[in-house]
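J.: Give me the fold of what follows.
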Amino acid sequence: MRLKVVRFAYSQGMVRSCAIERVCQAHVTLMALCGMSAPHFTTIAHFVSTLRDDIAQVFAAVLAVCDGQGLIGREMFAIDGVKLPSNASKHRSGTRAEFTQRAEKLEATAKTMLDRHRETDALELEPDVAAKTTARIARLTRDAEQLRAWLATHPTDRHGPTGGLRQSNRTDNERAKMATDKGVVQGYTGVAAVDAKHQIIVNAQAHGTGSEQELLLPVVDALAARRTRDTVLTADAGYHSEANLASLAAREVPALIADPDMRKRDERFADRDHHTSAPDPLHDKSGTAKKALPLLTPSDFTYDTDARTCVCPAGKSLNRRGARNVTNGYVGEHFQGAKRDCAPCTLRAQCLSTPETTAVRNVACFRGREDTAARETHTMRMQQRLDTPEGREQYGQRFGTVEPVFGNLRDNKRLDRFTLRGRTKVNGQWLLFCLVHNIEKLTHAGYAA
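T.: Numbering: from 1, shown residues only. A predicted model of the protein is given here:
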């Protein structure tokens, strides 16, 4: 009964337990589901937070029904995630060193107030002032004791996969401090793998990290029983890393993982900077500013690939720095102008972005990609697959597969935050929302109609 009540409430955008209890006494459908015996909000909260394994079993059962109805095509699984805040306080975040410093500061403040209070005991103070002082000393002492107790139960700091130090949180130490387009939040990343045929969520996980690169391989391993040898996994540039691509190649998993420069290589997005760099006509009312002269680019320099020399637009030869320059797989040379030529040059304003502080011009000229097959990386092989017409068409289906799912959960179901603490509980709540999404897909497909 509780599962039915919670599922229906989540489908209507009601997340908080107190709100579910309230509508169970007024909403006709919920009154029928709970048999006119509205559960208390603490009972609902306990059910959601403690039955993660049971919810996972129901999620797997619904997924089996979806597969039996032919709603899972297994041609492509799109992987993506959404960062949501959780029930954790930003003010209780920090490292062990910061927590120790706060505890020492609280203890010192309490000691100072206590000494001052003892000195003024001989004076006749108002009872209210003395009571407030005593209460504040007790509060400071209690906060310091809580900090010391937390430090005793957590003897080590949190570290990332590369060994970097991560902040802990005394409210929920499994959450993460994540940067989003709406600011920095304390929360979890809800990851979902969505089938391209009917947008069925085939796997859902919640992780206390904002680094998407860490989340790719756990999802790939969880999908091993769901996918076939021909199932293609797609993910955006946030999941891209050389280590992830090497692991996918070792597992022989067909995948299309975008890199940060994918759109720059696509001629269809050649004019994308024109739309992002246009000034706001309502921002500047001072009139049209005088356009500066365009800076000289490396293409304006004369580069001889055979002689490995470079001549600037003013006709001066540049000095070669180093024997060989390899940048992002491209081979060339690095050249630098001489002070005797650049200082009196009449083209300084066009050649240097800051001619007042920059003495000479530096330029890198490339003659092509590195032709050594042994130096080919997994990133280069993935770029070659993505840049083919078939790769672009297949990867282009990713956005239309996974983004509407997150739009349904966040906007229609009003999932704007996780209301629980701890990865296990948050994972169960994330599974509940994904379960509601899959049941809706079953309903729209005409199941049990």
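
J.: In the stretch 151-300 of the chain, what residue spans correspond to strands?
T.: Ranges of strands within the stretch 151-300 of the chain are 158-159, 165-166, 168-169, 176-180, 183-195, 201-207, 232-235, 255-257, based on DSSP state E, counting those that start in this stretch.

J.: of all those strands, which lies closest to residue 75?
T.: Residue 75 lies closest, by CB to CB, to one member of the strands of the stretch 151-300 of the chain: strand 232-235, at 7.1 Å. Yep, even glycine has a C-beta here, placed from its N, CA and C like the rest.

J.: packing partners for the closest one?
T.: If you count contacts as 3 or more CB pairs under 8 Å, 6 or more residues apart in numbering; DSSP states H and E, strand 232-235 packs onto strand 76-85, strand 255-257, helix 389-407.

J.: Show me what the shortest one pairs with in its sheet, parallel or antiparallel.
T.: This points to strand 255-257. Applying DSSP bridges, strand 255-257 is found paired with strand 232-235 (parallel).

J.: quick one: pLDDT of the nearest residue to residue 385 once chain neighbours are set aside?
T.: Take residue 385 and drop its neighbours on the chain: the residue closest to it by CB to CB, 6 or more residues apart in numbering is residue 391, 4.8 Å away. Looking at residue 391, its pLDDT reads 90.

J.: I'd guessed residue 391 sits against residue 256; true?
T.: Yes: assessed by CB atoms under 8 Å, residue 391 is found in contact with residue 256 at 6.1 Å.

J.: Could you pull out the residues contacting both of the two?
T.: Counting by CB atoms under 8 Å, 6 or more residues apart in numbering, the common neighbours of residue 391 and residue 256 are residue 385.

J.: Which of those two has more residues huddled nearby?
T.: Per other CB atoms under 10 Å, whichever of residue 391 and residue 256 has more neighbours is residue 256, with 22 against 17.

J.: Burial check on residue 244, number of neighbours?
T.: Counted with other CB under 10 Å, residue 244 comes out at 23.

J.: Contact partners for it?
T.: Counted by CB under 8 Å, 6+ apart, residue 244 has contacts 213, 216, 217, 257.

J.: Let's verify residue 415: helix, strand, or coil?
T.: The three-state label given to residue 415 by DSSP: H, G, I helix; E, B strand; the rest coil is coil.

J.: low-scoring pLDDT stretches of this structure, where are they?
T.: Per-residue confidence for the chain (pLDDT under 70) gives these ranges: 121-127, 272-293, 329, 370-375, 448-449.

J.: domains in it, as residue ranges please.
T.: 1-50, 62-90+176-266+387-449, 96-156, 298-372 (automatic domain parsing).

J.: Output those domains in TSV; the columns should cover distance to residue 165.
T.: Shown next, in TSV, are these (distance: least, CB to CB, whole Å):
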stretch	distance to residue 165
domain 1-50	30
domain 62-90+176-266+387-449	12
domain 96-156	10
domain 298-372	30
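
J.: for those domains, which one sits closest to residue 56?
T.: domain 62-90+176-266+387-449 (6.0 Å).

J.: measure residue 380 to residue 229 for me?
T.: Using CB to CB, to the nearest Å, residue 380 is found at 24 Å from residue 229.

J.: Can you pick out the residue with more neighbours from the two?
T.: Taking neighbours as other CB under 10 Å, residue 380 and residue 229 compare with residue 380 leading, 16 against 7.

J.: can you give me phi and psi for the more buried one?
T.: phi -70, psi -40 (degrees, to the nearest 10).
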